[in-house]
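Visitor: dropping the sequence and predicted coords here.
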Amino acid sequence: MELEGNDNFATEQYLEDWVIDKCDDWRDHFEANYSQKFEEYYRLWRGQWSAQDRTRDTERSKIISPALQQAVESSVAELEEATFGRGKWFDIEDDVYDQDNRDIALLRNALEQDFKKNKVRKGVAECLINAAVFGTGIAEIVLEEEKEMKPATQPVMGGELTAVGVNIQDRTCVKLRPVMPQNFLIDPVATDIESALGCAVDEFVSAHSVEQLQESGVYRDVDIQIASPDFNIEPDQDLTRFDEDKVRLTKYYGLVPRHLLDKAMEEKDSEEEVVTFEDEDDSYYVEAVVVIANGGVLLKASKNPYMMEDRPVVAFPWDVVPSRFWGRGVCEKGYNSQKALDTELRARIDALALTIHPMMAMDASRMPRGAKPSIQPGKTILTNGNPAEILQPFNFGNVNQITFAQAQSLQTMVQTATGAIDSAGISGSINGDATAAGVSMSLGAIIKRHKRTLINFQESFLIPFVQKTAWRYMQFEPELYPVADYKFHTSSALGIIAREYEVTQLVQLLQTMSPDTPMYPKLVMSIIDNMNLSNREELIATLEQANQPNPEAQQAQQMAQQGQMAFQASQTAALNGQAAESQARAQKIAIEAQAIPQELEIDRIKAVTTNLDKGDADDKEFQRRLEISKQLLKEREVAVKEENVAKQSAPQPAPAAPRPQPQGMTPNGQQ
């Protein structure tokens with residue numbers, strides 16, 4: 001391989017020289033491409049005027065519009081509210097095969113307690129401000145040994161007395177330390193921390209902090225001098241220089257040549273035990289941690305001590321720039337609009353100086369020798385002749401009123417470029433000059449931009465930080481943090497603008513529903529959940545308890561339902577009985593109708609054969625009665641047929657059938 005051909009030259013170098021050479025090259029690239037831009041972004045955000053920010057040579061005013069400051073603070077506040085507004089800003093997922101979730105709850109509670117104690121939220125907020133101003137937020141994950149002191153009591157003298165004091169326990173704390181862009185160096189061709197050859201944190205630190213680490217054995221016990229001044233790495237370059245009691249510390253995290261690291265570790269004191277690393281993969285580079293003081297004094301050199309061999313640095317761009325590590329922040333988005341707005345305001349102020357302040361034109365040949373031409377109230381000006389001919393006040397006219405509208409339009413351009421909304425809102429879109437649909441479209445576009453930055457911040461910065469912090473605690477505090485493979489994810493929600501907009505929509509939807517609908521309590525709970533209330537959790541718990549059914553009411557409802565079902569069953573049985581009775585009655589009537597012709601025949605026979613005497617006269621009477629009965633039977637059959645035809649042709653009820661005549665009676669009532 002090509003690097004192996006330079007082994008003879010590389011072995012003559014020292015590890016600190018190799019690291020410093022890389023850092024110097026990276027520093028030159030940063031200063032040539034980003035340093036001046038970042039300094040100007042910082043001044044615009046702070047509102048600090050500099051002669052370098054002039055847009056014309058005759059510019060006298062030094063005013064800086066607060067539009068870009070408002071855009072930075074509004075965007076950062078939106079992300080902070082979306083991340084930390086609910087209190088619980090991260091969660092942990094366990095293995096799907098693990099049914100016991102107690103270890104998850106223990107780890108989450110321990111991390112939340114340590115994050116609150118070490119002020120992690122404050123560090124994350126500072127990284128968000130750096131990302132909004134410079135385009136990239138960078139932080140270093142630092143391990144510190146602290147003595148945790150807790151008040152305690154202890155019985156003494158056999159339990160007769162109680163001593164009051166403190167218990168001291170050594171703890172390993174993980175802290176998040178933000179890093180300014182001028183104090184961070186990285187491989188120029190890298191797009192993230194993991195893909196770079198290495199990265200370095202180059203900054204001034206207090207001399208006593210280095211001495212304490214030397215006493216504890218973390219750094220080598222070597223002589224360190226006071227560092228020379230360098231304004232390029234100062235956090236604020238406008239401050240007065242302070243050169244006492246500070247050391248320039250360069251902490252390098254990344255790949256270094258293996259033979260240089262072995263050589264540096266062998267140069268330790270002979271009393272110390274030298275640990276050599278034998279890897280199966282005998283590669284040219286090895287992941288290491290190197291600390292150098294004042295650009296040449298090696299304080300620490302070791303292989304990466306972390307169990308996951310990750311680099312203790314996290315970074316994220318505000319907006320991703322393709323194939324580049326440094327991102328695009330709020331100041332870069334609104335830079336041109338801010339410069340135009342500042343130019344407009346400064347030009348107006350300079351013009352006001354020429355139009356408001358009085359000026360005087362005079363004939364110098366007719367003024368007394370040594371006269372002062374200044375103008376002030378109550379002053380007497382001596383002239384050699386008529387003052388009306390010698391003195392003449394004048395001005396340059398009035399300032400055009402159109403500059404007010406231009407300044408307002410430029411401020412709108414700043415908000416459009418950055419996506420930030422101030423208290424006045426965007427004219428014509430947010431502050432009431434548009435319809436509800438227009439407001440929804442405007443807010444939707446703004447919320448999408450914030451959501452895009454929020455997701456980028458979570459995936460590139462927040463989740464890696466929580467994951468690396470958990471790994472550190474698992475490695476150095478295994479008795480408090482169970483060692484397992486956990487998956488972390490953030491539980492952030494919408495920002496304050498998006499939540500207020502969502503609450504408005506939910507309230508409008510709630511007005512269209514009745515309180516008796518099942519969706520009504522759900523919508524009320526969603527509205528309270530989106531509000532930034534101090535007692536939000538209590539209100540949600542109260543609603544959930546109110547929505548749960550009352551056991552007594554539920555039992556009474558069940559009894560009422562059972563009674564209603566029994567009543568319906570009894571009604572059904574009664575109706576079934578009535579139907580059966582009606583059916584039996586119908587069958588009876590049908591049978592009786594079938595028996596009527598037989599009864600008529602019996603009556604006919606009975607009428608024919610009743611009261612007959614012996615002899616021929618009776619025979620003749622019998623024949624006569626038989627003929628009459630046959631005639632009556634035929635008339636009855638014809639009447640039945642006519643009745644049936646009438647029923648089939650018309651729905652009206654047919655007339656009642658003629659009643660059967662008494663025995664021995666004719667149709668006319670005669671016997």
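Guide: Looks like it came in fine.

Visitor: can you verify my assumption that Ala293 contacts Ile224?
Guide: Yes - using C-beta atoms under 8 Å, Ala293 is in contact with Ile224, at 5.2 Å. The way it works is simple: take the backbone N, C-alpha and C, and place the C-beta from them, glycine included.

Visitor: show me which of those two is the more surrounded one.
Guide: Ala293 (24 against 18; other C-beta atoms under 10 Å).

Visitor: for beta bridges, what are the partners of that one?
Guide: Leu249, Val297 (DSSP bridges).

Visitor: OK, contacts around it?
Guide: Val210, Ile224, Ala227, Val247, Arg248, Leu249, Thr250, Leu299 (C-beta atoms under 8 Å, 6 or more residues apart in numbering).

Visitor: okay, those residues in CSV with distance to Val286 and pLDDT next?
Guide: Shown next, in CSV, are those (distance: C-beta to C-beta, whole Å; pLDDT from 0 to 100):
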residue, distance to Val286, pLDDT
Val210, 25, 89
Ile224, 26, 85
Ala227, 29, 79
Val247, 27, 89
Arg248, 26, 91
Leu249, 22, 92
Thr250, 19, 93
Leu299, 19, 92
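
Visitor: nearest to Pro181 among those?
Guide: Thr250 (15.8 Å; C-beta to C-beta).

Visitor: for the strand ranked longest in the chain, buried residues please.
Guide: What stands out as the longest strand in the chain, according to DSSP state E, is strand 136-156. Residues of strand 136-156 classed as buried by neighbour count (16 or more other C-beta atoms under 10 Å): Thr136, Gly137, Ile138, Ala139, Glu140, Ile141, Val142, Leu143.

Visitor: which of the helices or strands spans the residue lying closest to the fifth one once chain neighbours are set aside?
Guide: Just to be clear, that refers to Glu140. Counting by C-beta to C-beta, 6 or more residues apart in numbering, Arg177 is the residue found nearest to Glu140 once chain neighbours are left out, at 4.8 Å. Element membership for Arg177 (DSSP states H and E) is strand 161-179.

Visitor: C-alpha coordinates for that strand, CSV please?
Guide: The C-alpha coordinates for strand 161-179 follow below in CSV (Å, rounded to 0.1, in the frame of the first residue of the first chain):
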residue,chain,number,x,y,z
LEU,A,161,-25.7,9.6,70.1
THR,A,162,-26.2,10.4,66.4
ALA,A,163,-23.5,12.1,64.3
VAL,A,164,-24.6,14.4,61.5
GLY,A,165,-22.4,14.6,58.4
VAL,A,166,-22.1,13.8,54.8
ASN,A,167,-21.5,10.6,52.8
ILE,A,168,-19.0,11.1,50.0
GLN,A,169,-19.1,8.8,46.9
ASP,A,170,-17.1,8.9,43.8
ARG,A,171,-19.2,9.2,40.6
THR,A,172,-18.4,9.3,37.0
CYS,A,173,-20.5,12.1,35.3
VAL,A,174,-21.1,12.6,31.7
LYS,A,175,-21.5,16.2,30.6
LEU,A,176,-22.3,17.9,27.3
ARG,A,177,-19.9,20.8,26.5
PRO,A,178,-20.8,23.0,23.5
VAL,A,179,-17.9,23.8,21.2
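
Visitor: contacts for that strand, please.
Guide: 114, 117-120, 123-124, 126-127, 130, 137-156, 201, 203, 313, 465, 469, 472-473, 476-477.

Visitor: tell me the helix or strand right after it.
Guide: strand 184-186.

Visitor: helices or strands up against that following strand?
Guide: Under the contact criterion of 3 or more C-beta pairs under 8 Å, 6 or more residues apart in numbering; DSSP states H and E, strand 184-186 touches helix 15-33, strand 198-206.

Visitor: so where do the strands sit in this structure?
Guide: Under DSSP E, the chain gives strands at 90-93, 136-156, 161-179, 184-186, 198-206, 246-257, 285-293, 297-303, 313-317, 359-362, 391-394, 487-490.

Visitor: export those strands to CSV and tack on distance to Arg60?
Guide: Shown next, in CSV, are the strands of the chain (distance: least, C-beta to C-beta, whole Å):
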stretch, distance to Arg60
strand 90-93, 52
strand 136-156, 36
strand 161-179, 37
strand 184-186, 37
strand 198-206, 36
strand 246-257, 38
strand 285-293, 46
strand 297-303, 49
strand 313-317, 38
strand 359-362, 16
strand 391-394, 20
strand 487-490, 50
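
Visitor: dump the residue contacts of Ala139.
Guide: Gly123, Val124, Cys127, Leu176, Arg177, Pro178, Val179, Val313, Val314, Ala315, Phe461, Phe465.

Visitor: buried subset of those residues, written for PyMOL?
Guide: The PyMOL selection below is limited to those of the contacts of Ala139 classed as buried (16+ other C-beta under 10 Å):
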select buried, resi 123+124+127+176+178+179+313+314+315+461+465
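
Visitor: hmm, which two among the contacts of Ala139 are most spread apart?
Guide: Val124 and Val313 (14.6 Å).

Visitor: hey, where'd the helices end up in the stretch 301-450 of the chain?
Guide: With DSSP state H, counting those that start in this stretch as the criterion, the stretch 301-450 of the chain has helices at 330-333, 335-356, 387-390, 402-418, 436-457.

Visitor: could I get the CA-only coordinates of the first one as CSV?
Guide: Once side chains and other backbone atoms are set aside, the C-alpha atoms of helix 330-333 remain, and they are given as CSV (Å, rounded to 0.1, in the frame of the first residue of the first chain):
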residue,chain,number,x,y,z
VAL,A,330,-30.5,31.1,10.1
CYS,A,331,-28.0,33.9,9.8
GLU,A,332,-26.8,32.6,6.4
LYS,A,333,-30.4,32.4,5.2
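
Visitor: who does the spatially closest residue to Arg258 that is not a sequence neighbour form a beta bridge with?
Guide: Distances taken as C-beta to C-beta, 6+ apart place Val286 nearest to Arg258, at 4.7 Å, with adjacent residues excluded. Judged by DSSP bridges, the bridge partners of Val286 are Val256.

Visitor: hmm, back to that, can I get the helices of the stretch 301-450 of the chain in JSON lines with distance to Thr83 and mean neighbour count?
Guide: Listed next are these as JSON lines, based on distance: least, C-beta to C-beta, whole Å; neighbours: other C-beta atoms under 10 Å:
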{"stretch": "helix 330-333", "distance to Thr83": "17", "mean neighbour count": "26"}
{"stretch": "helix 335-356", "distance to Thr83": "26", "mean neighbour count": "17"}
{"stretch": "helix 387-390", "distance to Thr83": "72", "mean neighbour count": "12"}
{"stretch": "helix 402-418", "distance to Thr83": "19", "mean neighbour count": "17"}
{"stretch": "helix 436-457", "distance to Thr83": "7", "mean neighbour count": "16"}
